[in-house]
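# Here is my input, please return the structure:
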Amino acid sequence: MTMATPTATKTPLDKSKRSHSHHHSNESSSSSSMSRFEAYNRLQAAAVAFGEKLPIPEIVALGGQSDGKSSLLEAFLGFRFNVREVEMGTRRPLILQMVHDPSALEPRCRFQEENSEEYGSPVVSASTIADIIKSRTEALLKKTKTSVSPKPIVMRAEFAHCPNLTIIDTPGFVLKAKKGEPENTPEEILSMVKSLAIPPHRILLFLQQSSVEWCSSLWLDSIREIDPTFRRTVIVVSKFDNRLKEFSDRWEVDRYLSASGYLGENTRPFFVALPKDRNTISNDEFRRQITQVDAEVLRHLHDGVKGGYDEEKFRSYIGFCSLREYLESELQKRYKEAAPATLALLEQRCSEVNIELARMDSKIQATSDVSHLRKSAMMHAASISNHVGVLIDGAADPAPEQWGKTTEEERSQSGIGSWPGVTVDIKPANAILRLYGGAAFERVIHEFRCAAYSIECPPVSREKVANILLAHAGRGGGRGVTEAAAEIARTAARSWLAPLLDTACDRLAFVLSSLFDIAQERNQSRESEYGRKTGNMDGYVGFHAALRHAYNHFIKDLAKQCKQLVRHHLDSVTSPYSQVCYENDFQGGFGSSASSYHKCNQASAASFCLELSDGGQVSRGETMRDQENIPPEKNAQQTTPGKGTEAREALRESQMTIPETPSPDQPCEVVYAGVKKELGNCIEVGPRKRIARMTGNRNTEQLTKVHNGGNLLFGNGDSGSRSSSAYSEICSSAAQHFARIREVLVERSVTSTLNSGFLTPCRDRLVVALGLDLFAVNDEKFMDMFVAPGAIDVLQNELQSLQKRQKILQSCLNEFKNVARAL
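This is a model prediction of the structure:
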């Protein structure tokens, strides 16, 4: 049931009181709005000057090159400043801060200085405004060598006939670059405009000519990408008067004004027409023409169209004055909504600037306090050294996924590439995992072992064998074959294994050098996490460069020393006095063939053969097949050269006696034989004692044949087949000796030497070495790392800039506190 509400009688006195109250309320509201507007304008100027990213409500004007953005901005300002005369508008955003000042009967325009929050002197001439915009744009583009720039030009315009409104004018979209500009200029403009429009606190003012149909709009799709539902987009149809003559019936006008089916039911575009007269006219005449055009458009819709149009639905969206009122009220509404969040953000920024100021003060004071700097620098160096040790011992912080490297990345970034002399692709376990520190070090060690075991004794020509063998035979004695094979193996080991040792040292040095950046990152994260400082060394570029140089120098020295140590081990095992080649039982015996060394040595490689990458769960046999370059098993059934069945058979075929130098009691049958490989006990001629030989007995039949033949071992003739068999046997024996040298070097010497030569000094001596390099100097040289020529001036300038920034932000904060109290 509906009840009638009695109507109160309005007396003249009540009306007068209400009118006075309403007037007072309007004045108070207008004053609050003006305060908010001025506070945001100052905050915007500070943000531009100091590069602050503040969520200030702003209007961004977007549109094509000839869609009327410049004319619309002049209409908002209430005067013309010939921005349209600047070719293609501008290539920089133009922030127009319009301030309604009833006392400014003539416009007062001032440009904010580049890289400063200060504004220059007032500019009166309209042509001068356009010239300043053009000259500033050209100067910046020439400096940056670009065709467009996102750095804005800020112009403050105070005028009695402009609203309180701030609009960012952007370069107009173009389809093709003008003559003399780069071809990618349209793409750069579109990209820059999108970056200005993306922040959600900005209102998008999109202009499009009325002659363009919605379905064929070129730039509407670009706006839709930024704001898909047009929730923060105000669409303006410009040059609306050009379309009026096409309407004859009401349904045509209403259908066009609704734009339904293209913009959505909740999106209402504004329809604006502005004066076309570009002749020089006064500002008053310009504003009169704007009002006149609005009236003519409304009159045509009302009288010139049969049935008129739906005024209740569309009247508030037609005409420039309607758009101006809407934008001004919408911006004030956004200002009011954003004020609390802006106040909180300003308090945060002021606090951050105060902390930065305190840090800068401390840094300037520290430049005169040498003892404080020494203490802080020592603490920092010690912390870095400690983190290096932790990373070597095993750590997973920071994230290995970001800071670690795969084997392939280590090879490429170190510039070392593949292992010298190795033709197969070395794939150590966990090669695809990103590792650093001790884990990466062990992987390189394992990769070196794989590379070493992939190299066999290279083929030796008959000429080389003959030169070595015959020289030994000429010196007499019964070990010519053994000595020749051993010499061939030693030469090959020195030639092929030495480059591998150098490469291993270089790769390990790269792994350790990479730890410096990881240790710094770990140090910073620890300090921020626990809120403690080992010495505030941020910003001391000279010191950090010197620390890095000292660290790299330490690692290079370690690499140099390790190269010398492993070369010494190589020289030892390849020395003619070394008994490596003559040991009867090494590592459980060697196989009869060098190919046995391709087998996997799980015992010796157990420290790193645990495959942890994806797909690592495979059977033992599959693992052995996949990892081709893994060293041989120590517990494999191997035999010493000459003890295997095949070797003994080959030995019997090639056994020959080598007579001593003929005496008068012997026939002069000197035979140059070099294939007497480990004969049995042989009775010497003359008073010499019997010497125990290696396995095998004298082959009397072969001895007789050689004595009868009298041919050189590697000559041609009837003994060719015997020569070939002997040559093969020497090469086989040399390969076995090479494999023995290789395994002794890798398993007994090099691995432990590399660990003790690199890792132990990094754990025990790094902090001392860094201290000697950096701090064992006089104060003057020490301060060179901190106070470079002109450094104090730079710090003072930074301090002054921070103080200025603090003052501006504090001023804005105080203003916003006043605004917040008035809300």
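# Okay, now the unreliable bits of the stretch 251-400 of the chain?
Low-confidence segments of the stretch 251-400 of the chain (pLDDT under 70): 260-261, 278, 366-368.
# among the helices and strands of this protein, which one scores worst on average pLDDT?
helix 700-709 (a mean of 35; mean pLDDT, DSSP states H and E).
# Next, the buried residues of the helix or strand just after that one.
For helix 700-709, the succeeding helix or strand toward the C-terminus, using DSSP states H and E, is helix 720-743. For helix 720-743, a neighbour-count test (16 or more other C-beta atoms under 10 Å) marks 722-723, 726-727, 729-743 as buried. The C-beta positions use only the backbone N, C-alpha and C, and glycine is treated the same way.
# same deal with stretch 804-822?
K804, R805, Q806, I808, L809, C812, L813, E815, F816, V819.
# between those residues, which is nearest Q292?
Proximity of the buried residues of stretch 804-822 to Q292 (C-beta to C-beta) peaks at V819, which lies at 38.1 Å.
# what are the phi and psi angles of the residue nearest to F554 when sequence neighbours are not counted?
The shortest distance from F554 to any non-neighbouring residue, by C-beta to C-beta, 6 or more residues apart in numbering, is to A769 (4.8 Å). In terms of degrees, to the nearest 10, the main-chain angles of A769 are phi -60, psi -40.
# try E158
According to degrees, to the nearest 10, E158 has phi -110, psi 120.
# Quick check: it vs Q97, distance?
9 Å (C-beta to C-beta, to the nearest Å).
# So which of these two has more stuff around it?
Q97 (24 against 18; other C-beta atoms under 10 Å).
# In three-state terms, label the nearest residue to that one once chain neighbours are set aside for me.
Spatial nearest neighbour of Q97, chain neighbours left out: R156 (4.5 Å); criterion: C-beta to C-beta, 6+ apart. With DSSP: H, G, I helix; E, B strand; the rest coil as the basis, R156 sits in strand.
# Who is R156 paired with across the strands?
Beta-bridge pairing for R156 (DSSP bridges): Q97, R110.
# and it, how many neighbours does it have?
Quick note: R156 (other C-beta under 10 Å) scores 21 neighbours.
# just F758 next, same as before
Burial of F758 is recorded as 23 neighbouring residues (other C-beta under 10 Å).
# That one belongs to a helix, doesn't it?
Yes. Per three-state DSSP, F758 lies within a helix segment.
# where's it relative to P499, distance?
Applying C-beta to C-beta to F758 and P499 gives a distance of 19 Å.
# Over to L298?
91 Å.
# Just want to know which of the two has more residues nearby.
L298 (16 against 13).
# could you pull out the helices for the stretch 451-600 of the chain?
With helices called from DSSP state H, counting those that start in this stretch, the stretch 451-600 of the chain shows them at 462-474, 480-513, 515-530, 541-573.
# winner for burial among those helices?
helix 480-513 (a mean of 22; mean count of other C-beta atoms under 10 Å).
# chain center to that one: distance?
38 Å (C-alpha atoms, centre = their mean, to the nearest Å).
# If you compare the directions of that helix and helix 462-474, what angle comes out?
120 degrees (axes from the mean of the first three to the mean of the last three C-alpha atoms, to 10 degrees).
# Quick one: residues contacting A177.
For A177, the contact set (C-beta atoms under 8 Å, 6 or more residues apart in numbering) comprises S147, E183, N184, T185, P186.
# pretty sure the fourth one contacts T146?
No. Using C-beta atoms under 8 Å, T185 and T146 do not qualify as a contacting pair, with a distance of 9.6 Å.
# more neighbours, the two?
Taking neighbours as other C-beta under 10 Å, T185 and T146 compare with T185 leading, 19 against 15.
# Model confidence for the residue lying closest to that one once chain neighbours are set aside, exactly?
In this structure, T185 finds its nearest non-sequential neighbour in A177, 3.9 Å apart by C-beta to C-beta, 6+ apart. A177 carries a pLDDT score of 78 in this model.
# same question, R532
55.
# just the one 3 residues further on next, same as before
Per-residue confidence (pLDDT) for G535: 55.
# ok now stretch 271-281, how far from the chain's centre?
Centroid separation for stretch 271-281 versus its chain: 52 Å, with C-alpha atoms, centre = their mean.
# do stretch 452-464 as well
45 Å.
# now do stretch 238-252
That offset, for stretch 238-252, works out to 56 Å (C-alpha atoms, centre = their mean).
# now swap in stretch 283-300 and tell me
Per C-alpha atoms, centre = their mean, the centroid offset for stretch 283-300 relative to its chain is 58 Å.
# Buried ones in the one helix or strand K134 maps to, by neighbour count?
Element membership of K134, judged by DSSP H and E, is helix 126-144. Going by neighbour count (16+ other C-beta under 10 Å), the buried part of helix 126-144 is A126, I129, A130, I132, I133, K134, R136, T137, L140.
# now do stretch 317-326
Of all the residues in stretch 317-326, those buried under the rule 16+ other C-beta under 10 Å are Y317, I318, G319, F320, S322, L323, R324.
# Isn't the last one up against G78?
By that I understand R324. No. R324 lies out of contact with G78 (C-beta under 8 Å); the separation is 10.1 Å.
# Let me see the contact set for the nearest residue to S575 once chain neighbours are set aside.
Excluding the flanking residues, the one nearest S575 by C-beta to C-beta, 6+ apart is R490, at 7.8 Å. By C-beta under 8 Å, 6+ apart, the contact set of R490 is T574, S575, P576, C581, H737, I741.
# what about the lengthiest helix in the chain, distance to the chain center?
Identified as the longest helix of the chain according to DSSP state H is helix 320-366. From the chain centre to the centre of helix 320-366 is a distance of 32 Å (C-alpha atoms, centre = their mean).
# Stretch 215-233 now?
34 Å.
# got the contact list for it?
By C-beta under 8 Å, 6+ apart, stretch 215-233 touches 62-64, 173, 175, 190, 194, 197-198, 200, 202-204, 206, 208, 212, 214, 262-264, 267.
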